[in-house]
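# With the sequence up front, the predicted model follows.
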Amino acid sequence: MNLIHTSPKEINEINNSGMFGDCLFFAAEEYTMTQANTVYVYSIEIEEDQIVSVRDLYDEEIIEDIARVLEIDEDDAERVLDGRDTAWDHGGEGEEDWWVQAKQGECAKKMGFLACESEDEQGVVYIVSMSGKEKELKLEGVKERV
């Protein structure tokens with residue numbers, strides 16, 4: 001499956017210090033969330049059997065972490081991890097919700113998958129933990145917006 005990621009800057013190195021940890025978001029079709037004038041368009045090839053649905057995510061350590069950060073019980077944290085609930089449903093805001101998405105990508109990686117299929121305000125997204133995988137990104141082009 002060919003997936004697309006857009007970025008306001010060129011990607012040379014990926015680490016855990018970003019808003020989404022080391023995760024990048026991909027979609028089946030190109031869409032842009034930045035207001036930047038320059039947009040870098042990347043693609044990655046991932047086999048469908050290497051993608052886990054957000055509904056199938058489970059990891060006790062990550063659930064405990066979500067419960068601690070959102071100050072909720074572990075049953076609710078499990079619902080947040082597997083997408084039945086969002087951080088917003090438990091008093092969180094945008095930053096907490098983005099943090100949970102990074103946790104979903106981390107969980108997919110811990111479970112042996114390359115990506116987690118989820119949904120956000122743009123539709124279906126694929127959350128991919130990319131640390132050490134920079135060479136797998138293929139630069140498709142650079143677009144200048146007016």
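Nice, thanks for sending it over. Here the structure is a predicted model, which means the values were calculated and not measured.
# So which other helices or strands are in contact with the top helix by length along the chain?
In the chain, assigned by DSSP state H, the helix with the most residues is helix 94-110. Where contact means 3 or more C-beta pairs under 8 Å, 6 or more residues apart in numbering; DSSP states H and E, helix 94-110 is packed against strand 23-26, helix 60-70, helix 74-81, strand 115-120, strand 123-129. Where C-beta positions appear, they are placed from N, C-alpha and C, glycine not excepted.
# what separates that helix from the chain centre, distance-wise?
Computed by C-alpha atoms, centre = their mean, to the nearest Å, the separation of helix 94-110 from the middle of its chain amounts to 6 Å.
# can I see the domain layout of the chain?
As recorded under automatic domain parsing, the domains making up the chain are 2-50+123-144, 53-110.
# And the average pLDDT for the shortest one is what?
So that's domain 53-110. The average pLDDT for domain 53-110 rounds to 93.
# Surely residue 6 is in contact with residue 40?
Yes: the criterion here is C-beta atoms under 8 Å, and residue 6 meets it with residue 40 at 6.8 Å.
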